[in-house]
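**Student:** next input, structure requested:
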Amino acid sequence: MVKMPPEVKDVVSKQKPLPFATADKSGKPNVIFVTMWKILDDETILFVNNAYNKTEKNIQANPNVAIVAYDSEVKKSYQVKGIVEIEIKGDRYAIGKEMADAKKQAGKSVVIFHVKEIYDTSVGAGGKKIA
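**Tutor:** Sure thing, here's the model as predicted:
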């Protein structure tokens, strides 16, 4: 796994909603906005699945995903790529279910995002790989 530096975690944590991109087995892309997530540690982000339809099917066929976040105050943007897995029980699921319940949402599963690559997508950075 790759560790997210503090500045990346800060930008990701501020992005609301967060674009979440998947692709099916053939490579056809799908992007949704997610509103419930939690950075668990430097290498892992938990996403709450309330109504992922195509996204869930894509994850089952192809676990490679990407997110992108932008902070307009500091003019920094990062793309984070990773591998995900779906959980429907356990401690991490309990965290997501609690988040969903607090907003009266379904919380049917959690998507655990393991960071693999990070790119600086800020203006002028040219998408340089930083981790």
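**Student:** can you pull the contacts of Ile39?
**Tutor:** Met4, Lys9, Val12, Ser13, Ile45, Leu46 (C-beta atoms under 8 Å, 6 or more residues apart in numbering). C-beta coordinates here come from the backbone N, C-alpha and C atoms, glycine included.
**Student:** just the ones of those in helices?
**Tutor:** Lys9, Val12, Ser13 (DSSP state H).
**Student:** mark which of those residues are buried, thanks.
**Tutor:** Buried subset of the ones in helices among the contacts of Ile39 (neighbour count, 16 or more other C-beta atoms under 10 Å): Lys9, Val12.
**Student:** including pLDDT and distance to Ala61, could the ones in helices among the contacts of Ile39 go into CSV?
**Tutor:** Below are the ones in helices among the contacts of Ile39 laid out as CSV (pLDDT from 0 to 100; distance: C-beta to C-beta, whole Å):
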residue, pLDDT, distance to Ala61
Lys9, 98, 29
Val12, 97, 25
Ser13, 96, 29
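**Student:** what is the nearest of the ones in helices among the contacts of Ile39 to Ala131?
**Tutor:** Among these, Lys9 lies closest to Ala131 (C-beta to C-beta), at 11.8 Å.
**Student:** ok, that closest one to Lys104 distance?
**Tutor:** In this view, Lys9 and Lys104 are 28 Å apart by C-beta to C-beta, to the nearest Å.
**Student:** which non-adjacent residue is nearest the spatially most central residue of the chain?
**Tutor:** The residue lying closest to the centre of the chain (C-alpha atoms, centre = their mean) is Ile67, at 5.2 Å. Spatial nearest neighbour of Ile67, chain neighbours left out: Val80 (5.1 Å); criterion: C-beta to C-beta, 6 or more residues apart in numbering.
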